[in-house]
Structures are given as C-alpha cells and as structure tokens.
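1. fold the following for me, if possible:
(one chain, ligands or ions: 1)
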Amino acid sequence: MKIAVVGSGYVGLVTGACMADMGFEVFCIDIDETKIAKMKRGESPIFEHGLENIMKMNIEKGRLLFLTDLQSVLDEVEVVFSAVGTPPDEDGSADLQYVLEVARTIGKYMNNYKLIVTKSTVPVGTAKLVKETVQEELNKRNAEIPFDVASNPEFLKEGEAVNDFLRPDRIVVGVESERAKAIFEKLYQPFVLNGHPIIFTDIASAEMIKYAANAMLATRISFMNDIANLCERVGADISMVKKGIGSDTRIGRKFLNAGVGYGGSCFPKDVKALIKTAEKHNYSLDVLKAVEKVNNKQKSILFNKLNNYYAHQLTHKKIGLLGLSFKPNTDDLREAPSLTIIQHLLDAGCHVCAYDPVAMPEAKRRLGNSITLCNNIEETFTNADALLLVTEWHEFRTLSPDKLKALMRKPVLFDGRNIYDDIEMRKAGVEYFGIGR
Ligand code: NAD
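-> Here you go, the predicted structure:
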C-alpha cells in the first residue's frame, strides 16, 4: 500500500518513517523546502532517538521519499495522513487553516478513491469540515470520486516518539465506513501483531479521546504541583506523598512528579483548545481552567524561590540553568518552562548561563545573545550565585555537591524536578530548595 503523510514534523516524520519501516511505500510531504532537502539526505530535523537510523534504512530501500508537493503523488496513494500543525489562534482555539489547506489540495487534485486521515490534534467536528472542504472542491470540478475521512489521533511522546509509534499502548481510529475500517486493519496489522490493540470508534469520539487524554495528563501534573506547594507550607514532602498515593492501583505511579509545570507543543495548546471547544458549546470546563491557572503559576515558582532567597536583589547575579528543552530527550523548546524562567531572570537583571545536551541550537535561534550558552554543565555554575535545575536530563543527575561548593560563588541549588537527594546536598554544604519538599 502506498501512503502520503502531509506535514513532516514530530508526528508526520515519525509516522512516515515507521510506516515505511513496516514495509509500506511512504511519501513524506512538507512545504518547508529546507526541511525536505535535509530529510532527503537522511538527516532528521528533530532530535529523536533511533529516528535517523530508520530514515536512512528506508530511504536506501526506496520506501521512504520526501517531497514538497502532494499533487504529484496523489494518484498513486490510497491513504493520505494529515499531520500538519494545529497551533492555537488568538483566542486559544485550534487553528485549522493548515488542516483545511491539505483537504483543499486533496479535493482539487484527487482522481481516485482516497482515505483522508487526520493525525493532527483537532477539535471534535474537524473531520466533518475536512469532508465538506474536499467535497466542495470536487463539486467545483463536477467530479464524483469516492473518499472517506477518518480520525487517527497520535499519542506519541516526544523523546520516545519512535518507540511509542512502533509499540503503542493503543491505536485509536474513528471511522464512518467499512471500507475505511478495512484499510486501517491492513495498515495497522503489523502493529497489532505484537498485541497492541486498535480501538475503533466513531469519528467524534476519536477526536475527543486525544484531547481528553492530554487534558487528563495535564490535570495530574497541575494537581501534583498544587499539592506540592501545599506540602511546603505544612511541612510534608511531596516525594513521600507521591509514593503513598501512587501505590493505590486506582491512581497509579505515573505522571505524579511535581515540578516547574508542563510545557511542550501539546498540553498547553490542547488544554486551551478544549476549554474553547466547551465554550463554543456553552459549557465551562472549570477543572481545566484551574489546571491552566496552576500551570502558569508553576512556571514562575523556581524564579520566585530564588527571588525570595536573594530578597529581590537579583541585579547582576550570575544564575546557572541546567536544561532548556520542555522535557528530556527532545530539543523542543515550545512553551518550555525554561523560557518563562529565563525571561524573569533577565527582567530582574541577572546574567543567565545555560546548558542543555541537545537544545542549544534551538535556544540560540530563539534567545540569540540574551543569555550565555555554555559548553558544559560546569560552566553554568562556575562563579554562579545560584544554580537552577529545569529539565531532568540523565546527565544532570550525578551533580557533585563538592564541585558545586568549590566552584560556585554561593552554593545554592534550586531543583525544579526534585532529582537530587536533598539531605545529601545539605549535608555536603549546598543550600537546597526543591518543589514541595
Ligand atoms: P510540527 O510543527 O513539528 O510539524 C508540522 C509540519 O507541517 C511542519 O513541518 C510544517 O512545515 C508542515 N506543514 C504545514 N502546512 C503544510 C502543508 N499545507 N503541506 C505540507 N506541510 C505542511 O508539528 P507536530 O509537533 O508534528 O504536530 C502536528 C500535529 O500533531 C499537531 O496537531 C499536534 O498537536 C499533534 N501532535 C503532536 C505531538 C507531538 O508530540 N509533537 C504528539 C501528538 C500529536
């Protein structure tokens, strides 16, 4: 089966490469020519473990092709996955202009049956809009060509995208025809072989499942952050609380870490978009409004602790920052808490020295010369007045308290992810501040 994947970002490229790896012939399409040129050489524009290997192998086998125009391959493919961006527009709703542009192109140029699959995260009702848009274009040229629309939301996690795609917890597919369902069964058969279930639903439910999943995860994060902040005030330790409640099988252990708030390209925009969808249907999602409020506050919490420590006298202080990406194993800085923290530090007159194992080029692009981008961990805290741990990359875990003491102007550590042993740090003479401890 031949497949086109339109939009070759985190979701599209991973989908295309993994589908090619399962033996399908895949055309990855993107309007960004620089990206396409890079990918043709087997280079991934994003940092994801294992992705380049899969790309290179399947390019060599001739199963993975990159191009900028969908029209040229449209006759050849039966399935078109749409994985373009759905950024928030001014009021927080999902901006569907790219999704509908893809639908228009398909409607304009298709000459035979197509299964049009939306992989992007889109509000309930979008598949209907896609269908209408394609039909409008067909009507314009008096063409009667059968097609199906479907919703197949993506649940991959950045940093583990390839593994998640190849070994998904579940595959959710919203369809409205037997023909579409049969194609999906064939498409995902290689994945189901390993015991991963496909859940077929109606289209609206599939669209809602994606938002509900992200909203639930964001809720857990904000809930734990809220409880952590209370722990600090009442003398409890959030790591103990986490252990205690996580052992309850109804709650489970995952996604219970307190920290500096969620970021990334999905949770913030999806929570906003779901709130907006509810408003459009005259409903107020009060829980999610609180989730968002808590998260916005949490992104400033590390700065507030530092600011209080220095009694609001931060001018000319050198502050080290470990980790810039919104989470480990990705170079994605979209909505990263580090950006909020850096802005506060710069506004307060600090000199910021930061290091991230992979996000430095992206940080340079976004932040220019406003902060010092260091070559290694040590440079961030040499002569520093405080060190802030923002992203919990593996290589930050073994920070030596003796080194902090020897090299920092003042050995003060603000641990935004609770990865260090507070007792050990304090024993070694480092002033330690975590979240909710
Ligand atoms: P991205 O910004 O990394 O990639 C989108 C790509 O689409 C870009 O490369 C852009 O150039 C391209 N594009 C835009 N318009 C186009 C067009 N008309 N034709 C061809 N290409 C076009 O976005 P992403 O992070 O991959 O997210 C895509 C969608 O998937 C979003 O709706 C997102 O919410 C959802 N999603 C993302 C993740 C994630 O972890 N990043 C996970 C699950 C779902």
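
2. contacts and neighbour counts: CA atoms only from here.
-> Noted.

3. what helix or strand does residue 342 sit in?
-> Counting by DSSP states H and E, the element that carries residue 342 is helix 337-347.

4. return the distance of that helix from the chain's centre.
-> 20 Å (C-alpha atoms, centre = their mean, to the nearest Å).

5. show me what it is packed against.
-> Secondary-structure packing of helix 337-347 (3 or more C-alpha pairs under 8 Å, 6 or more residues apart in numbering; DSSP states H and E): helix 301-309, strand 351-355.

6. which is the succeeding secondary structure element to the first one?
-> In this case it means helix 301-309. Once helix 301-309 ends, the next helix or strand along the chain (criterion: DSSP H and E) is strand 318-322.

7. do the same with the shortest one
-> Remark: after strand 351-355, the chain's next helix or strand is helix 360-367, criterion DSSP H and E.

8. with only the CA atoms kept, save that following helix in CSV.
-> Provided in CSV are the C-alpha atoms of helix 360-367 (Å, rounded to 0.1, in the frame of the first residue of the first chain):
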residue,chain,number,x,y,z
MET,A,360,21.4,24.6,22.3
PRO,A,361,21.0,25.3,18.6
GLU,A,362,17.3,25.9,19.1
ALA,A,363,18.0,28.0,22.1
LYS,A,364,20.5,30.1,20.1
ARG,A,365,17.8,30.6,17.4
ARG,A,366,15.2,31.7,19.9
LEU,A,367,17.2,33.6,22.5
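
9. show me what counts as buried in it.
-> 360, 363, 367 (16 or more other C-alpha atoms under 10 Å).

10. now tell me what touches it from outside.
-> 324, 331-333, 373 (C-alpha atoms under 8 Å, 6 or more residues apart in numbering).

11. roughly how far does whatever residue of the stretch 201-350 of the chain ends up closest to the ligand sit from residue 24?
-> Of all residues in the stretch 201-350 of the chain, the one sitting closest to the ligand is residue 266 (5.2 Å; C-alpha to the nearest ligand atom). As judged by C-alpha to C-alpha, to the nearest Å, residue 266 and residue 24 stand 28 Å apart.

12. please identify which of the two sits among more neighbours.
-> Taking other C-alpha atoms under 10 Å, residue 266 and residue 24 do not tie; residue 266 has more neighbours (21 against 18).

13. and that one, backbone torsions?
-> Torsion angles at residue 266 (phi, psi; degrees, to the nearest 10) stand at phi -110, psi -60.

14. show the pLDDT at it.
-> Residue 266 is assigned a predicted lDDT (pLDDT) of 96.

15. check contacts around it.
-> residue 214.

16. same check, this time on residue 377
-> By C-alpha under 8 Å, 6+ apart, the neighbours of residue 377 are 322, 355, 396.

17. by neighbours, which of these wins?
-> residue 322 (27 neighbours).

18. bridge partners for the residue lying closest to that residue once chain neighbours are set aside, pull those for me.
-> Nearest non-adjacent residue to residue 322, counting by C-alpha to C-alpha, 6 or more residues apart in numbering: residue 389, 4.8 Å away. When assigned by DSSP bridges, residue 389 has beta-bridge partners residue 322, residue 415.

19. looking at it, residue 389 is touching residue 420, isn't it?
-> No. With contacts counted by C-alpha atoms under 8 Å, residue 389 stays clear of residue 420, the gap being 9.7 Å.

20. more neighbours: those two, which one.
-> residue 389 (26 against 21).

21. this protein: strands as residue ranges?
-> 2-6, 25-29, 64-67, 79-82, 114-118, 147-151, 171-174, 198-201, 318-322, 351-355, 372-373, 386-389, 412-415, 431-433 (DSSP state E).

22. I'd like those as CSV, with distance to the ligand and mean pLDDT appended.
-> Below are these laid out as CSV (distance: least, C-alpha to the nearest ligand atom, whole Å; pLDDT from 0 to 100):
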stretch, distance to the ligand, mean pLDDT
strand 2-6, 5, 98
strand 25-29, 6, 98
strand 64-67, 9, 98
strand 79-82, 8, 98
strand 114-118, 9, 98
strand 147-151, 12, 98
strand 171-174, 12, 98
strand 198-201, 17, 97
strand 318-322, 22, 98
strand 351-355, 23, 98
strand 372-373, 24, 98
strand 386-389, 23, 98
strand 412-415, 25, 98
strand 431-433, 31, 98
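
23. JSON lines for these, including distance to residue 220?
-> Formatted as JSON lines, the strands of the chain follow (distance: least, C-alpha to C-alpha, whole Å):
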{"stretch": "strand 2-6", "distance to residue 220": "32"}
{"stretch": "strand 25-29", "distance to residue 220": "35"}
{"stretch": "strand 64-67", "distance to residue 220": "38"}
{"stretch": "strand 79-82", "distance to residue 220": "30"}
{"stretch": "strand 114-118", "distance to residue 220": "27"}
{"stretch": "strand 147-151", "distance to residue 220": "26"}
{"stretch": "strand 171-174", "distance to residue 220": "22"}
{"stretch": "strand 198-201", "distance to residue 220": "24"}
{"stretch": "strand 318-322", "distance to residue 220": "25"}
{"stretch": "strand 351-355", "distance to residue 220": "28"}
{"stretch": "strand 372-373", "distance to residue 220": "33"}
{"stretch": "strand 386-389", "distance to residue 220": "21"}
{"stretch": "strand 412-415", "distance to residue 220": "20"}
{"stretch": "strand 431-433", "distance to residue 220": "23"}
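
24. excluding its backbone neighbours, what's nearest residue 59?
-> Per C-alpha to C-alpha, 6+ apart, closest to residue 59 is residue 65, 6.6 Å.

25. the one you found and residue 30 touch, don't they?
-> No. With contact defined as C-alpha under 8 Å, residue 65 does not count as touching residue 30 (11.3 Å).

26. residue 147 and residue 171: what is the separation?
-> 22 Å.

27. let me fix that, I meant to ask about residue 22.
-> In terms of C-alpha to C-alpha, residue 22 sits 16 Å off from residue 171.

28. for the two, indicate the residue with more neighbours.
-> residue 171 (19 against 16).

29. C-alpha coordinates for stretch 152-168, PDB please?
-> In PDB, the C-alpha atoms belonging to stretch 152-168 read as follows (Å, rounded to 0.1, in the frame of the first residue of the first chain):
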ATOM      1  CA  ASN A 152      -6.500   8.700  13.900                       C
ATOM      2  CA  PRO A 153      -5.000  10.800  16.700                       C
ATOM      3  CA  GLU A 154      -1.400  10.400  17.600                       C
ATOM      4  CA  PHE A 155      -0.300   9.600  21.200                       C
ATOM      5  CA  LEU A 156       3.500   9.500  20.800                       C
ATOM      6  CA  LYS A 157       5.600  11.300  23.400                       C
ATOM      7  CA  GLU A 158       8.500  13.500  22.200                       C
ATOM      8  CA  GLY A 159      11.700  11.900  23.300                       C
ATOM      9  CA  GLU A 160      10.300   8.400  22.900                       C
ATOM     10  CA  ALA A 161       8.400   9.000  19.600                       C
ATOM     11  CA  VAL A 162       9.800   6.100  17.600                       C
ATOM     12  CA  ASN A 163       9.300   3.600  20.300                       C
ATOM     13  CA  ASP A 164       5.800   4.900  21.100                       C
ATOM     14  CA  PHE A 165       4.800   4.700  17.400                       C
ATOM     15  CA  LEU A 166       6.200   1.200  16.900                       C
ATOM     16  CA  ARG A 167       4.900  -0.100  20.300                       C
ATOM     17  CA  PRO A 168       1.800   2.000  21.000                       C
END
